[in-house]
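>>> The following block contains a protein sequence and its predicted model.
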Amino acid sequence: MTSSADEFYTDPEYKKKQSEISKRNWKAGIYDSKIIPLIKRHCKNSSCSNVFLAKPNDRKIYCSQHCSALVNNSGRKMSDLTKMKISNTLKLLPISKRGTHFSKPKVQMNCLNCNKTFELVPYLAKRQKYCSIHCNIVRLGRKTTSPKASKGKNGVRNDISPNINFYSTWEANIARVYNLVGLQWQYSPTIFDLGEHTYRPDFYLPNFDTYVEIKNYLGGYSLMRDTLFRQKYPDIKLELILKKHYINIKKNYKDLVDKWEY
């Protein structure tokens, strides 16, 4: 296993796979318009006679945002208040910029990891705090699972406990099954230090001294973390409930649980 994010991306096996993917995409013409030539299209705005170029798989049907807005916004009605706000905003602009597309100036940010100064458009500045993916991984790789990372249905299930915030419906349903069969469990009680990362299994079953992790899909990062855990803590028992296991549990218990979530 690798010991740092840099070593992971420079791993020969990883680079070989990325090379194969890139070569396949180049041959398919995904990256190079010279392999698959651009085609001509007529703008779908009936009042526009422009012809523009687009890739065959590109669904673009208008030559510009202006034409797209003229067609798609034709039925929308603007309130007097909105019109007044737009008018007041335009009055603040130089005459040369009125009636033309303009963008807000970029915001300067300092990376929370390396302190490097970089620029972002304003709407990204609210959520992006790192200058690169590498800095993001270095800083966030040691954090345990979050609702955003799990992409699950985050929230409290009062039928289970008013004090536990589950990150997914799968976790909540497994807890309901444990309660149904009378199995004692604790939710994410321990954080394990893996060096570059941390790991917090979803459940702990004290009667069996076993941790349980629920995974829909065991991707590259999850597999690496699982391997690191078993190498560093070989005496600690960890069981995985993957999709095939969950489907089997669902088949046997969903009709027995009152508030099973789908």
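Ah, there it is.
>>> Every contact and neighbour count from this point should use C-alpha atoms.
OK.
>>> Please enumerate the helices of the stretch 51-200 of the chain.
Using DSSP state H, counting those that start in this stretch, the helices of the stretch 51-200 of the chain run over residues 65-72, 80-91, 122-125, 133-140, 147-150, 169-180.
>>> Identify, out of the ones you listed, the most deeply packed stretch.
Of all the helices of the stretch 51-200 of the chain, helix 169-180 carries the top mean neighbour count, a mean of 19, counting by mean count of other C-alpha atoms under 10 Å.
>>> Return the distance of it from the chain's centre.
Its chain's average C-alpha position is 25 Å from that of helix 169-180, according to C-alpha atoms, centre = their mean, to the nearest Å.
>>> Also stretch 203-223?
Distance of stretch 203-223 from its chain centroid, counting by C-alpha atoms, centre = their mean, is 21 Å.
>>> try stretch 53-72
28 Å.
>>> Check the contact between K60 and K44; I expect there is one.
No. Taking C-alpha atoms under 8 Å as the definition, K60 is not a contact partner of K44, at 9.7 Å.
>>> re the thing from before, in CSV: the helices of the stretch 51-200 of the chain, plus mean pLDDT.
Output for these, formatted as CSV (pLDDT from 0 to 100):
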stretch, mean pLDDT
helix 65-72, 87
helix 80-91, 82
helix 122-125, 80
helix 133-140, 72
helix 147-150, 50
helix 169-180, 95
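>>> out of those, nearest to D226?
Closest to D226 of these is helix 147-150 (C-alpha to C-alpha; 15.9 Å).
>>> what separates K60 from A54, distance-wise?
Distance, K60 to A54, by C-alpha to C-alpha, to the nearest Å: 7 Å.
>>> Same question for Y178.
Y178 is 55 Å from A54, by C-alpha to C-alpha.
>>> Mark out where each domain of this protein begins and ends.
As recorded under automatic domain parsing, the domains making up the chain are 29-74, 107-140, 147-253.
>>> And those domains: which comes nearest K15?
Closest among the domains of the chain, using C-alpha to C-alpha: domain 147-253, at 13.9 Å.
>>> what about that closest one, distance to the chain center?
20 Å.
>>> Ok, stretch 77-96 next?
Counting by C-alpha atoms, centre = their mean, stretch 77-96 comes out at 36 Å from the chain centroid.
>>> returning to what we had before: I'd like the helices of the stretch 51-200 of the chain laid out as CSV, including distance to E261.
Converted to CSV, the helices of the stretch 51-200 of the chain look like this (distance: least, C-alpha to C-alpha, whole Å):
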stretch, distance to E261
helix 65-72, 39
helix 80-91, 43
helix 122-125, 34
helix 133-140, 30
helix 147-150, 17
helix 169-180, 6
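>>> which one of those lies closest to P12?
Using C-alpha to C-alpha, the helices of the stretch 51-200 of the chain put helix 133-140 closest to P12, at 18.2 Å.
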